[in-house]
Structures are given as C-alpha cells and as structure tokens.
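**Student:** can't give you the sequence, but here's the structure:
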C-alpha cells in the first residue's frame, strides 16, 4: 500500500516539476516572445493620412476660390458576426422577419440596394463588410437613429471638386490610392499629399477597438495648399464661350488659353471636352489628356509672325519691303499656293500678315536662309519643353526641317510641316510681343504651409534675347494692322488696340492615325491675339478642331473678341483712343 502511495507521490512530484519547468520556460525564458505575440494579435497600427493640400483659384482682387478640397464622406458597414439569427434567404410570405431580415429590409430601402445582396453580406463569416461607400447626411442620421446591431457608420476623407467639370484638365484628379493624376494634382502630388502617420489600436473579442493610443507612433502632416494663377472669372467665361463656340461651329474639340506675356502666368486654360474629376472612374483615359500641353499640331498661319520676326530681326526685310506674289511657288517635291489659289501681285511684308499670304512667308524664309530659319525655331523654344507645371507635356523635335529639303522649309514658313503644342506656341508668341523675352509658363503662383504662411513662386525668365526689342515693336505694329486692316477685323474691341494673327491649317493624315502622305480635308482653325497691344497683359489663343467654317475668321476670332471684351471690362482697362 505504501509502495503505491510512494509511486503516486513520485509521479505527482515529477508531473509538478515538468509543469513548473514548462511554466518557467513559457513565462520567464520565453515570456517576452509570447507577450509580443499576444500583443501583436490584439494590437495594430492604423495608418493616418495627412489632409491633402487644397488648390485655389483667384480673382483680380486676390479673393480665393477653392477648386480642390477635402470632404468627409460617410460610409455604411456591418460586422456580420454581431448580427444574430443568420438567414440564408429572403423570408416567404407569412413567416416572421428575423433580425437579419429587418436589418436588410431597412438598409435596402434607405440605400437603394437589393435586399438579397445585403443578406448575402450579413451571412458572411467576417468582421467587416462595406454596404455603401458614400451616403448623405440625412440618410446617415436615419441609420444612426435606428441603432441597428452590427450596423455602423464610418467616415473617410475624399477629394472633392466644387466646380465639377470646370477646369478639370487644369486640376486632374486623385485616385483611390490617394495619388494625384494629371494636371496640378499630378504635377504637385508629393507637395499636396503631405506625410502619413500611424496610430496604435488594441482590439478585444469580436475585433472591437478597446484602446486607442492618442499619441501617434508617427505624427501625420497636412499637405501644402496651392494658389493657382488661374483667374476664376476669366476661366468661367473662357469655358462658357468655348462651349458655345464649339456648339455653333460643330467643332470636334477646342481650347482657349489666356496667358500674361509679361510673366508667363496662365490666367485661364479651357478644354473641351471636359470631365468631372469627382467621377473620374466613369471616364475613358483619353478624356484626361490636356491638349494644351499633351497634343502637337501643325499651327498654320499663326506661325507666320515667327517667320516674319526672324526676317525683321536679321534685317533681311522691313515692314514695307515689297515683293510680287504670283500665287504659286514650285519646288522639287511639291507646289505651294495661297489660300483659295489667290494671287495678290505686289505686296508689302505688312500685307503678307494682313492677308495671310503663304508665298510671302516663303519669301521671308528664303531671304533669311535655311540655317537662320532653323536657328530661330530653336530660339523660340519650339524644339524643347516649356516645363510648364502640368503633367505629361510633350514636344516635337521637328527633324523633318533638318533634311535640307526646300519644300519642307517653305511649308514650315507658313506653319505646315512644323509641329508644336499650344503652350509652346503661346510661350514663343509672348516673346514676339513683349520685347523678346521668354518667361516659363506656370499655373501655380503661391504656396501656403500648415502654419498659414504664404510663399510666392517668382516667375522664371528663360531667355531674354530671342528677338531684339525693336523687332518686337515693329512686329506688334504689323499685327495690329492685321486686326485693323486685314483678316483679323472681327477681333476689334472699340477704343482698344488689339494685335493678332489667324491660322487655318490642314490636318495631316498621320495626325488622324492614318499612315498616308499628305493632308486630309479636316482643319485646325485658330487665332492668337493680345492687348493692350503696345504693352500686352493678355495673350489669348483660341483653337478649334475641324469646325464647319472655312477659316478662323468666322470661328476662332468671334470667340476671341467676346473673351477679350469681357476681360477689358472686367479689368477696367482704359480706352486708348
């Protein structure tokens, strides 16, 4: 008997020793490991995004208009594990409704979602199921008042664009990953997005948060606010006029850009078609392209002032230099005609711009020579990026001009066979009318940090000697004459001197995606005008793709006139005569 007791006692002692050793091993030797493991199962670090910086437009008084802001969005979600009385189908007539069915019925009615879909989500074995990603304030209050078990409301920050389609290609959009795409959002993404932080959360049974560490593991920082050069009122009018013009002329697309030639500030940039950045996910990618910086085109006769400026600058021609137009020029590889096969006879260089004579532009190009012509194209910045602060800018090297073929250089003299973007054209035109300087085009003028401290982004002077000051003055006089006496008459604004040039260019087949030599019947019609002519503050480009009119005189110029008249009144520019 005593032997049995001793045996049991020995077993007990051995078992106790093993148990004590195991507890010692787990709690003392491996204690920190298992403590960390347990904490890891209960604790998580929640990512906290700093508020994205806002984007503002201005008006002439400096008042700010929020164009891109952050908005609290309420969403509805459920915790299926907390909802009792699981059901697998919608109840038949005559049966009592379970909690699942009552919950699904209510949410279905309020959120316009099929009841069956909600029941399927409730019956999942999970802690979180999203029901609706965005609900209004009134519906959110109704859901909250019901105090439905397992039904919760959450909030998230979302990018919001109050102007909807207006200025969409200036702004771009923010995607589901909080990254900026296109426009200002894309170009300044790193500045706008701010810095992310992390907070500590501890969860108990069922995944509920039982502890929240208010001291973040890493503090988040809000992004920088940006103030754009865009004038809200000019942008609004430009888009309104563009939309009306495209409808009236049945154009396929179009754009209007307003630039200050004295410092490169873009005051308006209107594109059509547009999109709603709040609903960017509903669009095809091609709609996001900003044609002002992302599409090259052959400009046509709006290019003639560049050829003329080179001739004036080199002293090869003067405004009153005469030549005789015979209506046609023959080259190896092609023949050049004037518009509508017209013949003008003896004409001055000023007449060449007034009447937009193709052979006159070729006369100037031949006077200055191939090398000089190509050198000036480079000086104007036509073979490089403008570096405007918008995403995706492109440019053409125009290598066809360096082949030495006379026909290529001749057609380039009046804007066919040379490729530019609208922003390149405007940057170069600024130098023609402002005394010969090129300012970098820009669309952001000021930044505001988290402490509400403002910093102005100074304009960047890129070239100061593109053409001589005297050349610019002569060319301005000639371009004023285009409006006073030539094809630009419809651009006149009573009491004000306006300068400008029309352009009607044929569209090459290759630009339409068709591998075929030559040009289609489609046209690009444009007008670039400036005022006050002798110290221009506004340079406006109107470009229409394949309107139903024959020339820009009847499509682009009326749009320019309407916008110019608005700006003159808006800025209260005093009459000059």
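**Tutor:** Perfect, thanks for sending it. Just so it is clear, the structure is predicted and the values come from calculations on it, not from any experiment. Numbering: from 1, shown residues only.

**Student:** what sits against residue 428?
**Tutor:** Listed by Cβ atoms under 8 Å, 6 or more residues apart in numbering, the contact set of residue 428 reads 306, 380-382, 420, 438, 466. To be clear about C-beta, it is placed using only N, CA and C from the backbone, and glycine gets the same treatment.

**Student:** what about 10 Å?
**Tutor:** By Cβ atoms under 10 Å, 6 or more residues apart in numbering, residue 428 lies in contact with 303, 305-306, 309, 376-377, 379-382, 386, 420, 438, 466.

**Student:** how much space between residue 191 and residue 162?
**Tutor:** Distance, residue 191 to residue 162, by Cβ to Cβ, to the nearest Å: 21 Å.

**Student:** any idea how far residue 66 is from residue 99?
**Tutor:** Distance check for residue 66 against residue 99: by Cβ to Cβ, it reads 44 Å.

**Student:** go on, residue 14?
**Tutor:** Distance of residue 14 to residue 99, given as Cβ to Cβ: 54 Å.

**Student:** so those two - more neighbours on which side?
**Tutor:** Using other Cβ atoms under 10 Å, the more surrounded residue of residue 14 and residue 99 is residue 99, with 16 against 10.

**Student:** quick check, pLDDT for the more buried one.
**Tutor:** pLDDT for residue 99: 74.

**Student:** ok, now residue 30?
**Tutor:** pLDDT for residue 30: 64.

**Student:** and residue 91, by the same measure?
**Tutor:** On pLDDT, residue 91 comes in at 46.

**Student:** over to residue 513?
**Tutor:** The model reports residue 513 with a pLDDT of 86.

**Student:** separation between it and residue 480?
**Tutor:** When residue 513 is compared with residue 480 (using Cβ to Cβ), they lie 40 Å apart.

**Student:** quick one, which of these two is more surrounded?
**Tutor:** residue 480 (21 against 6).

**Student:** isn't that one up against residue 577?
**Tutor:** No - the pair residue 480 / residue 577 is not scored as a contact, 11.7 Å apart, by Cβ atoms under 10 Å.

**Student:** which neighbours do these two share?
**Tutor:** Each of residue 497 lies in contact with both residue 480 and residue 577 under the rule Cβ under 10 Å, 6+ apart.

**Student:** can you lay out the contacts of residue 428 as JSON lines showing neighbour count, secondary structure and distance to residue 282?
**Tutor:** Rendered in JSON lines, the data for the contacts of residue 428 read as follows (neighbours: other Cβ atoms under 10 Å; DSSP: H, G, I helix; E, B strand; the rest coil; distance: Cβ to Cβ, whole Å):
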{"residue": "303", "neighbour count": "28", "secondary structure": "helix", "distance to residue 282": "38"}
{"residue": "305", "neighbour count": "26", "secondary structure": "helix", "distance to residue 282": "42"}
{"residue": "306", "neighbour count": "29", "secondary structure": "helix", "distance to residue 282": "41"}
{"residue": "309", "neighbour count": "28", "secondary structure": "helix", "distance to residue 282": "46"}
{"residue": "376", "neighbour count": "21", "secondary structure": "helix", "distance to residue 282": "46"}
{"residue": "377", "neighbour count": "21", "secondary structure": "helix", "distance to residue 282": "42"}
{"residue": "379", "neighbour count": "21", "secondary structure": "helix", "distance to residue 282": "44"}
{"residue": "380", "neighbour count": "25", "secondary structure": "coil", "distance to residue 282": "40"}
{"residue": "381", "neighbour count": "22", "secondary structure": "coil", "distance to residue 282": "37"}
{"residue": "382", "neighbour count": "24", "secondary structure": "coil", "distance to residue 282": "37"}
{"residue": "386", "neighbour count": "24", "secondary structure": "coil", "distance to residue 282": "31"}
{"residue": "420", "neighbour count": "26", "secondary structure": "strand", "distance to residue 282": "32"}
{"residue": "438", "neighbour count": "23", "secondary structure": "strand", "distance to residue 282": "40"}
{"residue": "466", "neighbour count": "23", "secondary structure": "coil", "distance to residue 282": "44"}
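
**Student:** quick one: those residues as CSV, columns for distance to residue 535 and pLDDT too.
**Tutor:** What follows is these, written out as CSV (distance: Cβ to Cβ, whole Å; pLDDT from 0 to 100):
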residue, distance to residue 535, pLDDT
303, 24, 98
305, 18, 98
306, 21, 98
309, 18, 98
376, 24, 97
377, 27, 96
379, 23, 96
380, 21, 97
381, 22, 95
382, 25, 96
386, 23, 97
420, 26, 97
438, 17, 97
466, 18, 97
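
**Student:** from these, which single one is nearest residue 173?
**Tutor:** residue 386 (23.1 Å; Cβ to Cβ).

**Student:** which residues are in contact with that closest one?
**Tutor:** Taking Cβ under 10 Å, 6+ apart, one finds 264, 293, 393, 395, 421, 423-428, 438-442, 462 in contact with residue 386.

**Student:** which residues in the stretch 201-350 of the chain form strands?
**Tutor:** 209-218, 225-231, 253-259, 266-272, 322-325, 328-331, 334-337, 345-348 (DSSP state E, counting those that start in this stretch).

**Student:** out of those, the one nearest residue 51 is which?
**Tutor:** In terms of Cβ to Cβ, the element of the strands of the stretch 201-350 of the chain nearest to residue 51 is strand 225-231, at 9.9 Å.

**Student:** show me what counts as buried in that closest one.
**Tutor:** Buried residues in strand 225-231, counted by 16 or more other Cβ atoms under 10 Å: 225-231.

**Student:** direction included, what does it pair against?
**Tutor:** strand 55-58 (parallel), strand 444-448 (antiparallel) (DSSP bridges).

**Student:** of all those, which one is nearest residue 543?
**Tutor:** Across the strands paired with strand 225-231, closest to residue 543 is strand 55-58 (Cβ to Cβ), at 22.3 Å.
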